[in-house]
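In: 3D model of this:
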Amino acid sequence: MNHQELPLERPWQALDPAVRDIVAPVIGDVAEEITAAIAQSNDEYRAPMTGAFGRGVRTAIEGTLRQFLEQIGQPAAGVRPGRDVYIALGRGEYRAGRRLDALQAAYRLGARIAWRRISAVARDAGLDAATLSLLAESIFAYIDEVSAESVEGYASEQAASAGERQRARQALVRRAVLGELDDAQAREAARAADWELPRRLAAIAADHHDAERLATLVGEGSIAARIDDLVCVLIGDPQAPGRRERLARMLISGHAALGPSVAVGELPRSWGRALRCVRLLQAGVLPAGRLVLADEALGALALFADTVLLRELAEQRLAPLEGLTPAARARLEATLLAWLRWQGNVPAVAGELHVHPQTVRYRLARLRECFGEQLDQPDARFELELALRGRAGPGAEGSN
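Out: Numbering: from 1, shown residues only. Below is the predicted model of the structure:
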């Protein structure tokens, strides 16, 4: 039997149309055998292959084989008929929860059985070796093509599902930390987002450009979303042994803070603490280069809770220094803060400021001239230290 020159991609187009008449009578039996073999050898299809689903599979397999026969000897005509069917099949398999490799295994098994049965009929009909070879290539190439279309549909549905899940998780994060969910609503939102809601959790605030990447970095079931200019990551069981240490190692660079461990209904408090810590990091009040634990920064959080009030306190208590030059004022403020911190220990103050103790005594004399008896009053000393700490921030204490 003569055949045309072999095409590069669709060898069945080069087969003699007479092959259709030889193969067509056994297509029903072939479909039946393939259906039974898939149910027997593939665990994911064994149970659902009974009833309506099994009948549908049997019909689809026979339809695929007959469509293959219809394509034999036909010229190329762009997109092969049935493409949408196989893409939809792949989408359905993902939605049904079956694995992609199970679907691909079913296609491979079907191709082997089809070739075994069809080749026997073809040999009995006296087809020559070249035609048999082309027929074999055609069957496997055709099944590969429809399998690839199902894989495309599967991947497309998987990506769409992942996108929907990611959007649901981002919405959950935002609504939870903004206080828009009660416990029941949070549980429902977590189910919709395919996320196991922890009994205790905490919020991380981070100056990061990619919420999803940061959640992956944090790991252990974390989810994240961008909130204004920061990323919020929700983590479960933050008090687990070694958890904070691992987070500290992963988030050593940039500005990041971990809020307290709370129940889901208290997430706004955890997020609020972490957010304020990051703002203090950005302002230079807290030292950068490490993960800030909000539970260990309560002093700074309390001190800078009301920056307007703190500024007013500084203006009032430090008014005696207003007439000095900026440089002189900075030196005296640094000296006064160190003196208050070290409770009047002049050598300790000198060591912190890297100056001679006599220089400290000289500056203290100038401070006595400016503040007078306030330096001996406990309440005044307390407010002076608050004002100086709020104004200076870290690093300023070392000014000399």
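
In: Report the buried residues of stretch 158-174.
Out: 166, 168, 169, 170, 171, 172, 173, 174 (16 or more other Cβ atoms under 10 Å). Glycine gets a C-beta too; all of them are placed from N, C-alpha and C.

In: List the buried residues for the host helix or strand of residue 350?
Out: In this structure, residue 350 sits in helix 346-353 according to DSSP states H and E. By neighbour count with 16+ other Cβ under 10 Å, helix 346-353 contains the buried residues 346, 348, 349, 350, 352, 353.

In: Which secondary structure elements does it sit against?
Out: Here helix 346-353 is seen to pack against helix 326-341, helix 357-371 when contacts are counted using 3 or more Cβ pairs under 8 Å, 6 or more residues apart in numbering; DSSP states H and E.

In: where does the stretch 1-150 of the chain dip in pLDDT?
Out: 1-9, 76-79 (pLDDT under 70).

In: before we move on, back to that, next step: the buried residues of stretch 158-174 restricted to helices.
Out: Members of these lying in helices (criterion: DSSP state H): 166, 168, 169, 170, 171, 172, 173, 174.

In: Just give the number of residues close to the residue nearest to the first one when sequence neighbours are not counted.
Out: In other words, residue 166. Nearest residue to residue 166 in three dimensions, chain neighbours excluded: residue 212, at 6.7 Å (Cβ to Cβ, 6 or more residues apart in numbering). Residue 212 has 15 neighbouring residues, counting by other Cβ atoms under 10 Å.

In: Am I right that residue 212 is in contact with residue 169?
Out: No. The pair residue 212 and residue 169 fails to qualify as a contact (Cβ atoms under 8 Å) at a distance of 9.2 Å.

In: Now do the shared contacts for these two.
Out: residue 224 (Cβ atoms under 8 Å, 6 or more residues apart in numbering).

In: host element of residue 65?
Out: helix 51-71.

In: Give me the buried positions along that helix.
Out: 54, 57, 58, 61, 62, 64, 65, 66, 68, 69, 71.

In: Same question for stretch 124-132.
Out: 127, 131.

In: and that stretch, how far apart are its ends?
Out: 11 Å (Cα to Cα, to the nearest Å).

In: I figured residue 239 was touching residue 260, is that so?
Out: No. Using Cβ under 8 Å, residue 239 is not in contact with residue 260; the gap is 9.8 Å.

In: re the thing from before, tell me the one among the buried residues of helix 346-353 nearest to residue 205.
Out: residue 352 (31.7 Å; Cβ to Cβ).

In: For the residue lying closest to the closest one once chain neighbours are set aside, report the pLDDT, please.
Out: Of all residues not flanking residue 352 in the chain, residue 338 sits nearest, at 5.0 Å (Cβ to Cβ, 6+ apart). For residue 338, the pLDDT comes out at 91.

In: is it true that residue 338 touches residue 349?
Out: Yes. The pair residue 338 / residue 349 is scored as a contact, 4.4 Å apart, by Cβ under 8 Å.

In: the strands in the stretch 1-150 of the chain, which residues?
Out: In the stretch 1-150 of the chain, no strands are defined using DSSP state E, counting those that start in this stretch.
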